[in-house]
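Chemist: quick one, structure for this:
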Amino acid sequence: MLLDEQDIYRANHVEIRRKIGMVFQTPNVFPAMSVFENIAVGLSLNGLRNKQKLREVVGKSLAQVGLLEEIGSRLHRPATGLSSGQLQRVCIARALAVQPEVKLHHRQERLTCVPSPSFLYICASRL
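Modeler: Predicted coordinates:
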């Protein structure tokens, strides 16, 4: 499988992971982190330290998935207190925040939140 004309199985795995955003069928949030921290973690791991820029990107990502107004006052509370649909959108916002080149989303047929036409929906059982 090629990404940017590189075989992803032979390339630097850290660099490949930075280019691909993945959202799984079951929401996987970091339970010890707030909603804000769950979205900002990828940015921080990639070297973004400017707090104002972090707030801007997290806010934009939450707005893209329709959560900014819905949970805006609860950004600094544990993400685990959200509904399953909200948790899924937090995970999508986390993937969007780092602006990956490729966005993969394993979805159920009943998925009600369609985050963006730029997401490529895959069925893992068919890969």
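Chemist: okay, helices next: where are they in the protein?
Modeler: Along the chain, counting by DSSP state H, helices occupy 13-19, 35-45, 51-64, 68-71, 84-97.
Chemist: pick the most deeply packed of those.
Modeler: Highest mean neighbour count of these: helix 84-97, a mean of 22 (counted as mean count of other C-beta atoms under 10 Å). Any C-beta I mention is one placed from the backbone N, CA and C, and that applies to glycine too.
Chemist: what helices or strands is it leaning on?
Modeler: When contacts are defined as 3 or more C-beta pairs under 8 Å, 6 or more residues apart in numbering; DSSP states H and E, helix 84-97 sits against strand 20-23, helix 35-45, helix 51-64, strand 102-106.
Chemist: including distance to Arg10 and mean pLDDT, could the ones you listed go into JSON lines?
Modeler: Shown next, in JSON lines, are these (distance: least, C-beta to C-beta, whole Å; pLDDT from 0 to 100):
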{"stretch": "strand 20-23", "distance to Arg10": "15", "mean pLDDT": "83"}
{"stretch": "helix 35-45", "distance to Arg10": "23", "mean pLDDT": "95"}
{"stretch": "helix 51-64", "distance to Arg10": "31", "mean pLDDT": "96"}
{"stretch": "strand 102-106", "distance to Arg10": "17", "mean pLDDT": "79"}
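Chemist: circling back to that earlier point, please name whichever of the helices of the chain is nearest to Thr26.
Modeler: Nearest of the helices of the chain to Thr26, taken as C-beta to C-beta: helix 84-97 at 8.5 Å.
Chemist: any stretches of this structure with poor pLDDT?
Modeler: Applying pLDDT under 70 to the chain flags the ranges 107-127.
Chemist: repeat that with 50
Modeler: The model of the chain has pLDDT under 50 over residues 109-127.
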